[in-house]
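J.: Mind looking at a prediction? Sequence and model below.
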Amino acid sequence: MGRATPFPFPVLLVLAMLALAAGCRSRPPERVEVPPPPLPASPGEALAQEALAQLGSPYRYGGSTPAGFDCSGLVLHVHERAGIEVPRTAAQQFRAARAIDITELAPGDLVFFRTQRRKVDHVGVYVGNGQFVHAPRSERPVSLERLDDDYYMPRFAGAGRFWRPL
């Protein structure tokens, strides 16, 4: 009886590597389509999204750019980005906006306050869910607040709108 001749070691090594490579072989990755972010359903929602994008921007008296905002400058910037012209100060914005009832608030509407005097001197952009974005004061960045906050609700002067529904 003859002895079986073993495979030479290099041949076994090559066969083992081919078997491993075949087991590791996978299909090419499937192309995953990433949908674009949803478009705002209304011009007001576009205003609200732009206001939310400014959260954390610094406060700067007289500022109307992301480098620094005051309250009415934030409103001016958000509306300019949407191609809507608005006056510069909170009081002027209050007088010029189409007044709406608080029960009709929609994203993109403006909420006005009397914080120090009898006249309107503060404004924010309503973003929904009882919240608004505003540039509160020196040393505080653009922030998100609740309309029913113990400070803001007693000072609420009214709401207004510059945008038109589609």
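T.: Here it is on my side, so go on.

J.: in this structure, which spans are strands?
T.: Assigned by DSSP state E, the strands in the chain fall at 64-65, 68-69, 98-100, 110-113, 122-128, 131-134, 143-146, 156-161.

J.: can you give me the end-to-end distance of stretch 48-64?
T.: 16 Å (CA to CA, to the nearest Å).

J.: quick one: buried residues of that stretch?
T.: For stretch 48-64, the neighbour count (16 or more other CB atoms under 10 Å) marks 48, 49, 50, 51, 52, 54, 57, 59, 63, 64 as buried. Heads up, the C-betas are built off the backbone N, CA and C, glycines and all.

J.: now do stretch 108-117
T.: Residues 108, 109, 110, 111, 112, 113, 114 are the ones in stretch 108-117 that count as buried (16+ other CB under 10 Å).

J.: Show me the shaky parts of the chain.
T.: 1-32, 34-35, 37-38, 40 (pLDDT under 70).

J.: what about 80?
T.: Along the chain, the model assigns pLDDT under 80 to residues 1-41, 166.

J.: For residue 124, the count of nearby residues, please.
T.: Per other CB atoms under 10 Å, the neighbour tally for residue 124 reads 27.

J.: Is it in contact with residue 143, as I believe?
T.: No. At 9.2 Å, residue 124 does not count as touching residue 143 under the criterion of CB atoms under 8 Å.

J.: For these two, list the residues in contact with both.
T.: 133, 134 (CB atoms under 8 Å, 6 or more residues apart in numbering).

J.: Please name the residues that touch residue 66.
T.: The contact partners of residue 66, taken as CB under 8 Å, 6+ apart, are 54, 57, 77.

J.: what does residue 134 give?
T.: 71, 74, 122, 123, 124, 125, 142, 143, 145.

J.: ok, now residue 69?
T.: Residue 69 touches 54, 57, 58, 59, 60, 63, 77, 135, 142, counting by CB under 8 Å, 6+ apart.

J.: I'd like the list of those that fall within helices, please.
T.: The helices, defined by DSSP state H, take in residue 77 from the contacts of residue 69.

J.: Closest one to residue 158 out of the contacts of residue 69, please.
T.: For these, the residue nearest residue 158 by CB to CB is residue 135; the value is 19.1 Å.
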